[in-house]
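# all I have is the shape, not the residue letters:
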């Protein structure tokens, strides 16, 4: 006789907007948008969780990387998806990200530098290994700064900045890669 093992209950996703055409959810960090051979052992996906939660098929209009949390937009029919997806592809829809970074940033700017594609051993197994760097443009603006009286390194205090970022191109890992130039800039 086999023991039946109960799977943990699936937490419902926070629905931040819904109408007859679209539904937007707050995607938690660490969750894949849909099934992928990137992680064959994963059992929870935003797409299936939302489908089960609202009782109908959903069609993702864009993706967020697994470690990224944020609002994810789904169409409620294939017809709406076929009309909305080109808007994302042609950058007619503006995405905005907020991040907390170490250090203070005094003024906004536009980062415009090519990103070398980081190939994944599984997903990009058959991709060209010598792919050219692709343009990656992100506008950023500091929103708030704070200094806390705790040392996290060589300084007696720690400084943080809330930054708004608006990617103008859509590259894999573009938003996390945006932070790289801040590491070498003259901020503290």
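Perfect, thanks for sending it. It should be emphasised that the depicted structure is a prediction, and the values quoted were computed from it without experimental measurement. Numbering: from 1, shown residues only.
# any low-confidence regions in the chain?
Along the chain, the parts satisfying pLDDT under 70 run over 1-9, 35-40, 42-43, 117-131, 170-188.
# mind redoing it with 80?
Residue ranges of the chain with pLDDT under 80: 1-10, 34-44, 66, 113, 115-134, 169-188.
# buried sites along the longest strand seen in it?
Scanning the chain for the longest strand, with DSSP state E as the assignment, gives strand 137-148. Within strand 137-148, the residues that count as buried by 16 or more other Cβ atoms under 10 Å are 137, 138, 139, 140, 142. For every residue, glycine as well, the C-beta is placed using N, CA and C.
# list the contacts of it.
Contact partners of strand 137-148, identified using Cβ atoms under 8 Å, 6 or more residues apart in numbering, comprise 98, 104-112, 157-169, 174-175, 178.
# off-centre distance for that strand?
18 Å (Cα atoms, centre = their mean, to the nearest Å).
# now the helices for the chain?
Applying DSSP state H to the chain gives helices spanning 46-54, 78-89, 174-178, 180-184.
# who does the longest one touch, helix- and strand-wise?
In this structure, helix 78-89 packs against strand 59-60, strand 70-75, with contacts taken as 3 or more Cβ pairs under 8 Å, 6 or more residues apart in numbering; DSSP states H and E.
# what's the burial count for the closest residue to residue 84 other than its chain neighbours?
Among residues not flanking residue 84 along the chain, residue 61 sits closest, at 5.1 Å (Cβ to Cβ, 6 or more residues apart in numbering). When neighbours are counted by other Cβ atoms under 10 Å, residue 61 registers 18.
# also residue 32?
Counted with other Cβ under 10 Å, the neighbours of residue 32 add up to 19.
# can you name the residues bridging to it?
Beta-bridge partners recorded for residue 32 (DSSP bridges): residue 45.
# my read is that it contacts residue 67, right?
No: the criterion here is Cβ atoms under 8 Å, and residue 32 misses it with residue 67 at 10.5 Å.
# do you know how far the nearest residue to residue 142 once chain neighbours are set aside is from residue 91?
The shortest distance from residue 142 to any non-neighbouring residue, by Cβ to Cβ, 6+ apart, is to residue 105 (4.3 Å). From residue 105 across to residue 91, the span is 24 Å (Cβ to Cβ, to the nearest Å).
# more neighbours, those two?
Of the pair residue 105 and residue 91, residue 105 is the one with more neighbours under other Cβ under 10 Å, namely 19 against 12.
# quick check, the more buried one in contact with residue 163.
Yes: judged on Cβ under 8 Å, residue 105 makes contact with residue 163 at a distance of 6.1 Å.
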